[in-house]
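J.: I'd like to go over a predicted model; first the sequence, then the structure.
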Amino acid sequence: MTQDSDAPLRFFFHPRSRARIVRWMLEECEARYEPVQLEFRTTMKSVEYLAINPMGKVPALTHGSTVITESGAILAYLAELFPEKRLAPAPGTAARGSYYRWLFFLAGPVEAGMSAKSQGFLEHQSDEQALSAGYGRYDDVLATLRQAVEGRQYLCGDHFTAADVLMASYLRWGMMMGSLPALPAFKAYAEPLQQRPAALRALALDEALAAA
């Protein structure tokens with residue numbers, strides 16, 4: 001047991017942000033946590049918050065003296081903090097390898113590729129730019145995503161994990177924002193997961209705060 005294991009969790013978020021991903025995971029874990037709502041361009045850039053996340057972005061999670069930023073990292077941390085929820089495959093298994101693969105693929109090439117797409121940076125991408133970019137070409141990212149979810153209920157074997165939280169969230173966000181096409185394979189995989197009780201609780205909590 002680490003010195004922070006009994007410390008409270010503090011969740012820094014905005015209801016209209018990627019922090020929704022972490023909110024869903026916290027609800028899956030049935031975690032007790034203190035939500036701290038921040039605002040863009042003001043409290044996210046405060047001296048106090050920059051001491052937690054120098055990027056001045058959400059989400060962030062503190063657990064005693066431990067600070068975790070980046071959605072994928074927070075999900076992986078929570079999966080290990082609540083092992084009884086079985087949100088990560090067992091270490092050393094093939095499913096664990098898939099789990100790491102998709103967590104890091106989503107946090108790296110998918111995030112970067114979707115951002116580049118939404119900002120119009122890929123309209124005149126040269127071969128040299130595709131070669132040097134970690135995400136390569138947008139079509140390659142898209143094909144890999146489709147291959148990952150097509151015909152599958154879950155990413156890692158026959159069990160729901162934190163990787164599914166991240167994948168379903170990215171697909172929902174990407175299709176909603178237009179940075180991903182609404183492919184049948186994406187919808188068939190993501191929509192049932194978004195109806196999980198924890199996902200619906202997270203949505204209701206954030207929607208209520210956004211409307212306030």
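T.: Nice, I can see it.
J.: Can you tell me which residue is spatially central in the protein?
T.: Compute the mean C-alpha point of the chain, and by CA atoms, centre = their mean the closest residue is residue 166, 3.9 Å away.
J.: where's that one relative to residue 130, distance?
T.: 25 Å (CB to CB, to the nearest Å). (Glycine included, C-beta is placed from N, CA and C.)
J.: again, but for residue 66
T.: Distance of residue 66 to residue 130, given as CB to CB: 38 Å.
J.: now the helices: where do they sit in the protein?
T.: With DSSP state H as the criterion, the chain has helices at 19-29, 47-50, 71-81, 94-105, 111-118, 127-132, 138-149, 162-177, 184-193, 197-211.
J.: So which bits of the last one are buried?
T.: Of the residues in helix 197-211, those scored as buried under the neighbour-count criterion (16 or more other CB atoms under 10 Å) are 198-199, 201-203, 205-206.
J.: rank the helices of the chain by mean pLDDT and give me the bottom one.
T.: The weakest mean pLDDT among the helices of the chain belongs to helix 127-132, with a mean of 90.
J.: Give me the distance from stretch 77-93 to the chain's centre.
T.: With CA atoms, centre = their mean, to the nearest Å as the basis, stretch 77-93 stands 16 Å off its chain's centre.
J.: What of stretch 183-198?
T.: On CA atoms, centre = their mean, the centre of stretch 183-198 falls 15 Å from the chain's centre.
J.: and what of stretch 121-138?
T.: Taking CA atoms, centre = their mean, one finds the center of stretch 121-138 at 24 Å from the center of the full chain.
J.: what are the C-alpha coordinates of that stretch, in PDB please?
T.: The C-alpha coordinates for stretch 121-138 follow below in PDB (Å, rounded to 0.1, in the frame of the first residue of the first chain):
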ATOM      1  CA  PHE A 121      -3.300  20.900 -41.300                       C
ATOM      2  CA  LEU A 122      -3.700  17.800 -43.500                       C
ATOM      3  CA  GLU A 123      -5.200  19.400 -46.600                       C
ATOM      4  CA  HIS A 124      -1.800  19.700 -48.400                       C
ATOM      5  CA  GLN A 125       0.200  17.100 -46.400                       C
ATOM      6  CA  SER A 126       3.300  16.100 -48.400                       C
ATOM      7  CA  ASP A 127       5.000  12.700 -48.400                       C
ATOM      8  CA  GLU A 128       7.800  14.100 -46.300                       C
ATOM      9  CA  GLN A 129       5.400  15.500 -43.700                       C
ATOM     10  CA  ALA A 130       3.500  12.200 -43.500                       C
ATOM     11  CA  LEU A 131       6.800  10.300 -43.000                       C
ATOM     12  CA  SER A 132       7.900  12.500 -40.100                       C
ATOM     13  CA  ALA A 133       4.500  12.800 -38.400                       C
ATOM     14  CA  GLY A 134       3.900  10.200 -35.600                       C
ATOM     15  CA  TYR A 135       0.400   9.600 -37.000                       C
ATOM     16  CA  GLY A 136       1.600   9.300 -40.600                       C
ATOM     17  CA  ARG A 137      -1.400   9.900 -42.800                       C
ATOM     18  CA  TYR A 138      -5.000  10.400 -41.500                       C
END
